[in-house]
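Engineer: With the sequence up front, the predicted model follows.
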2 protein chains.
Amino acid sequence: MYERKIIPNLNCGLDLIGEVLFGKWKIRLLWFINQGHQRPSELQRKIPDASRRVLNIQLKELEEHELVTRKIFPVVPPKVEYSLTEFGKTLIPVIAQLGHWGDENEAHLRDVILRQLVNPD
Amino acid sequence: MYERKIIPNLNCGLDLIGEVLFGKWKIRLLWFINQGHQRPSELQRKIPDASRRVLNIQLKELEEHELVTRKIFPVVPPKVEYSLTEFGKTLIPVIAQLGHWGDENEAHLRDVILRQLVNPD
DNA sequence: TCAGATAGGGATAAATTTTTCCCCTATTGC
DNA sequence: GCAATAGGGGAAAAATTTATCCCTATCTGA
């Protein structure tokens, strides 16, 4: 694992939530797990743009941060299921609001993002 | 400016909000601007851990994404003021909820984050 | 005259995150 | 035996984001 050289700030609530939530795929992982897509292979199919590796890494971090639990079934072939912890579930309304704001403003956001993407000054 | 090599996904609201909101200091910038700290030097004092350079860059992106406006006063020494646009203001409740969740769970978050920071397996 | 405040940008280095590639376990089906 | 499926992880490369350093300009105050 990569060892940080710069200690992150943990001064306020925004710092703290950022540490656990702002990985490229974490929000989506939480969202899909909440929707009942709990097995790794299933999550990988749901999020095809992420490499298998990162999803594993980010799932592990979510687990270390106690937002999800990982249950291993001792069967062959192996079976694993992720679930939200009670703590993790409290994040769902927050994520929902993020998604909602994005959906509400979809047209405008797409516009300004693409403008900047196409025309990087 | 850095030119992306990987095109970001813009499929859903979560993708879109991520594009405009998830820079290391952007949420804080929006928050402080909303609180009335509008001049660049003031923002830099409020966020001393960020380099002056990045704040400028991220402010520019916020402007390109039409979340803030930049007003230049033709005086010497130069004076600049950032303000939230109407669009930007709609983000404030969303940011407030993020901060609120972090504050509510401060103790636990600090705990799991530090645990992982100190003990990177 | 020199320091400091104001605002900003270019170039480059460093830090961090994500991707890619390859390897391991074990079973089932062909 | 070989491929596919299930679940992982190490190493290194690539992508991306931040930080550092140095430069511009003008005015004010000591």
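Structural biologist: Done, it's in. Note that the structure is a prediction, hence the values are computed from the model and not measured. Numbers count the residues shown, from 1 in each chain, chains lettered A, B, ... in the order given.

Engineer: show me where chain A has helices.
Structural biologist: Here chain A has its helices, by DSSP state H, at A:13-21, A:26-34, A:40-46, A:52-64, A:86-89, A:92-104, A:106-118.

Engineer: Switch those over to a markdown table; also include distance to DNA strand D, mean neighbour count and mean pLDDT.
Structural biologist: In this view, the C-beta of every residue, glycine as well, is placed from N, C-alpha and C. As requested, the helices of chain A are arranged in a markdown table below (distance: least, Cβ to the nearest atom of the strand, whole Å; neighbours: other Cβ atoms under 10 Å in any protein chain shown; pLDDT from 0 to 100):
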| stretch | distance to DNA strand D | mean neighbour count | mean pLDDT |
| --- | --- | --- | --- |
| helix A:13-21 | 10 | 22 | 95 |
| helix A:26-34 | 12 | 22 | 95 |
| helix A:40-46 | 3 | 15 | 92 |
| helix A:52-64 | 5 | 16 | 94 |
| helix A:86-89 | 16 | 14 | 97 |
| helix A:92-104 | 17 | 17 | 97 |
| helix A:106-118 | 11 | 14 | 92 |
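
Engineer: So for residue B:58, which of the ones you listed sits nearest?
Structural biologist: For these, the distance to residue B:58 is smallest for helix A:106-118, at 12.8 Å, taking Cβ to Cβ.

Engineer: List of residues touching that closest one?
Structural biologist: A:102, B:4, B:7-8, B:10, B:13, B:16-17, B:19-20, B:61, B:64-66, B:87 (Cβ atoms under 8 Å, 6 or more residues apart in numbering or on different chains).

Engineer: Give the burial count for whatever residue of chain A ends up closest to DNA strand C, as a bare number.
Structural biologist: Per Cβ to the nearest atom of the strand, residue A:24 is where chain A lies closest to DNA strand C, at 2.7 Å. If you count neighbours by other Cβ atoms under 10 Å in any protein chain shown, residue A:24 ends up with 15.

Engineer: and it, what is it in contact with?
Structural biologist: Counting by Cβ under 8 Å, 6+ apart, residue A:24 touches A:50, A:54, A:58.

Engineer: any idea how far stretch A:55-73 is from the chain center?
Structural biologist: Relative to its chain's centre, stretch A:55-73 lies at 11 Å (Cα atoms, centre = their mean, to the nearest Å).

Engineer: What of stretch A:76-86?
Structural biologist: Distance, stretch centre to chain centre, for stretch A:76-86: 16 Å (Cα atoms, centre = their mean).

Engineer: How about it, which residues are buried there?
Structural biologist: A:82, A:84 (16 or more other Cβ atoms under 10 Å in any protein chain shown).

Engineer: quick one on the thing from earlier: next, format the contacts of residue A:24 as a markdown table and append distance to residue A:82.
Structural biologist: A markdown table is the format used below for the contacts of residue A:24 (distance: Cβ to Cβ, whole Å):
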| residue | distance to residue A:82 |
| --- | --- |
| A:50 | 15 |
| A:54 | 15 |
| A:58 | 11 |
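
Engineer: restrict these to those near DNA strand C?
Structural biologist: Applying Cβ under 7 Å from any atom of the strand to those, one finds that A:50, A:54, A:58 fall near DNA strand C.
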